[in-house]
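K.L.:
Here is my input, please return the structure:
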Amino acid sequence: MARCIEAKPKLTWRTRICYGVGHILNDLCASMWFTYLLVYLHKVVEFSNVAAGTLLLIGQVADALATPFVGVESDRTGDCKYGRRKIWHLVGVVCVACSFPFIFNLCIHCENASSWALFMYYVPFIVIFQFGWASTQISHLSLIPELTDNENEKVNLNAIRYAGTVSANILYS
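P.N.:
So this is what the prediction gives:
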């Protein structure tokens with residue numbers, strides 16, 4: 001006996017555009033992270049090359065651990081009113097928005113702090129940022145198969161998303 005599977009409705013332009021811009025904050029932050037972080041930490045915060053590189057490495061390791069964690073947990077999350085992918089996306093955006101400014105601003109009231117204390121000041125913000133970045137990235141990409149079953153629509157969503165990424169990088173440049 002064949003089962004009838006109900007096709008998802010065709011996506012509106014509003015949905016496509018909203019999806020396409022849903023990752024721009026991550027794109028802007030990634031551009032700054034990969035182009036200016038080492039320079040900022042070395043020239044502005046005045047960390048040694050080793051300390052600046054270690055903070056970048058801590059961030060990348062945090063991302064490497066957070067990415068599979070978010071992937072598995074977002075699949076396990078029960079359907080809530082907001083949606084299992086959207087809730088992870090929201091958590092990620094909040095983490096990024098709340099932590100990223102602290103990474104690229106000098107520590108207030110840390111003028112007399114030791115290098116080690118200043119180093120430790122940045123670590124939690126970097127870890128929270130990388131968790132948030134992974135949460136936003138994974139949940140955003142995971143939305144595609146939940147929005148549509150149509151392969152052409154999936155390609156269109158990725159194209160619009162990529163256009164948003166390119167636009168964010170041009171804006172950033």
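K.L.:
use CA for all of it now, contacts and neighbours both
P.N.:
Will do.
K.L.:
For the chain, just list every one of the helices.
P.N.:
Here the chain has its helices, by DSSP state H, at 13-20, 24-39, 49-76, 84-103, 115-147, 151-172.
K.L.:
The fifth one packs against which elements?
P.N.:
It refers to helix 115-147. helix 24-39, helix 49-76, helix 84-103, helix 151-172 (3 or more CA pairs under 8 Å, 6 or more residues apart in numbering; DSSP states H and E).
K.L.:
Between the helices of the chain, which one is closest to His109.
P.N.:
Using CA to CA as the measure, helix 115-147 is the one of the helices of the chain that comes nearest His109, at 10.6 Å.
K.L.:
Could you identify which of the helices and strands packed on helix 115-147 is most buried?
P.N.:
helix 84-103 (a mean of 20; mean count of other CA atoms under 10 Å).
K.L.:
Give me the residues contacting it.
P.N.:
Helix 84-103 has contacts (CA atoms under 8 Å, 6 or more residues apart in numbering) with 25-26, 29, 70, 74-75, 77-78, 122, 125-126, 128-137, 139-140, 142-143.
K.L.:
Weed out the non-buried ones from those.
P.N.:
25-26, 29, 70, 74, 122, 125-126, 128-137, 139-140, 142-143 (16 or more other CA atoms under 10 Å).
K.L.:
What mean pLDDT does stretch 27-40 get?
P.N.:
Per-residue pLDDT values over stretch 27-40 give a mean of 93.
K.L.:
send the alpha carbons of it over as PDB?
P.N.:
C-alpha atoms of stretch 27-40 as PDB (Å, rounded to 0.1, in the frame of the first residue of the first chain):
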ATOM      1  CA  ASP A  27      29.400  36.000   8.200                       C
ATOM      2  CA  LEU A  28      30.400  39.500   9.400                       C
ATOM      3  CA  CYS A  29      31.800  38.100  12.600                       C
ATOM      4  CA  ALA A  30      33.700  35.300  10.800                       C
ATOM      5  CA  SER A  31      35.300  37.900   8.500                       C
ATOM      6  CA  MET A  32      36.500  39.900  11.400                       C
ATOM      7  CA  TRP A  33      37.600  36.800  13.300                       C
ATOM      8  CA  PHE A  34      39.800  35.400  10.500                       C
ATOM      9  CA  THR A  35      41.200  38.700   9.200                       C
ATOM     10  CA  TYR A  36      41.700  40.900  12.200                       C
ATOM     11  CA  LEU A  37      41.800  38.800  15.400                       C
ATOM     12  CA  LEU A  38      45.500  38.100  15.400                       C
ATOM     13  CA  VAL A  39      46.400  41.600  14.400                       C
ATOM     14  CA  TYR A  40      44.000  43.100  17.000                       C
END
